[in-house]
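*Asks:* predicted coordinates and the sequence they were generated for:
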Amino acid sequence: MAGRSPARLLAPLALVAFALALFIVVSSTTKDDGSTPGARDAGQPAQSTATPDANGTKKRKPPRSYTVKTGDTPSGIAEKVNVPLTQIEELNPDLDPQTLTPGTKIKLR
């Protein structure tokens, strides 16, 4: 055992300590849903203005566009924003569900 460097033991410990510190920093700077605090989710529809209808209740208009997020599908987007899938397909004739890329803007109305 004579002649062995203490770095042989300290290097793995330093690596584990770094990994633990990184995990703590990352977990403390994200919300429960995985997004960072204060950052607006690009895939969420923009806030729309509410207008009262004949009964005095507020009826929300669907947003004008939607920014695609990872894992989105046209039918999933239609469900999220309450717009019929046929309307999305009519407004976006070049929309291909197989090549949907995050960041692409889709017309909704």
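*Replies:* Thanks, I have it.
*Asks:* just give the closest residue to residue 68, not the sequence neighbours.
*Replies:* Distances taken as Cβ to Cβ, 6 or more residues apart in numbering place residue 104 nearest to residue 68, at 4.5 Å, with adjacent residues excluded. In short, each C-beta sits where N, CA and C put it, glycine included.
*Asks:* can you pull out the strands in this structure?
*Replies:* Secondary structure of the chain (DSSP state E): strands at 50-52, 58-60, 65-67, 105-107.
*Asks:* helices and strands around the third one, which ones?
*Replies:* Which is strand 65-67. Under the contact definition 3 or more Cβ pairs under 8 Å, 6 or more residues apart in numbering; DSSP states H and E, strand 65-67 sits against helix 74-81, strand 105-107.
*Asks:* can you add mean neighbour count and give those back as a markdown table?
*Replies:* Listed next are the helices and strands packed on strand 65-67 as a markdown table, based on neighbours: other Cβ atoms under 10 Å:
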| stretch | mean neighbour count |
| --- | --- |
| helix 74-81 | 16 |
| strand 105-107 | 15 |
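*Asks:* columns mean pLDDT and distance to residue 27 on top of those, output as TSV?
*Replies:* Listed next are the helices and strands packed on strand 65-67 as TSV, based on pLDDT from 0 to 100; distance: least, Cβ to Cβ, whole Å:
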stretch	mean pLDDT	distance to residue 27
helix 74-81	86	27
strand 105-107	87	32
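*Asks:* who wins for proximity to residue 22 among these?
*Replies:* Residue 22 lies closest, by Cβ to Cβ, to one member of the helices and strands packed on strand 65-67: helix 74-81, at 32.6 Å.
*Asks:* hey, C-alpha coordinates of that closest one in CSV?
*Replies:* Backbone C-alpha positions of helix 74-81 (Å, rounded to 0.1, in the frame of the first residue of the first chain) are rendered in CSV as follows:
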residue,chain,number,x,y,z
PRO,A,74,-52.4,17.5,-33.9
SER,A,75,-55.2,15.7,-32.1
GLY,A,76,-53.6,16.4,-28.7
ILE,A,77,-53.2,20.1,-29.6
ALA,A,78,-56.9,20.2,-30.7
GLU,A,79,-57.9,18.8,-27.3
LYS,A,80,-55.7,21.2,-25.3
VAL,A,81,-57.0,24.4,-27.0
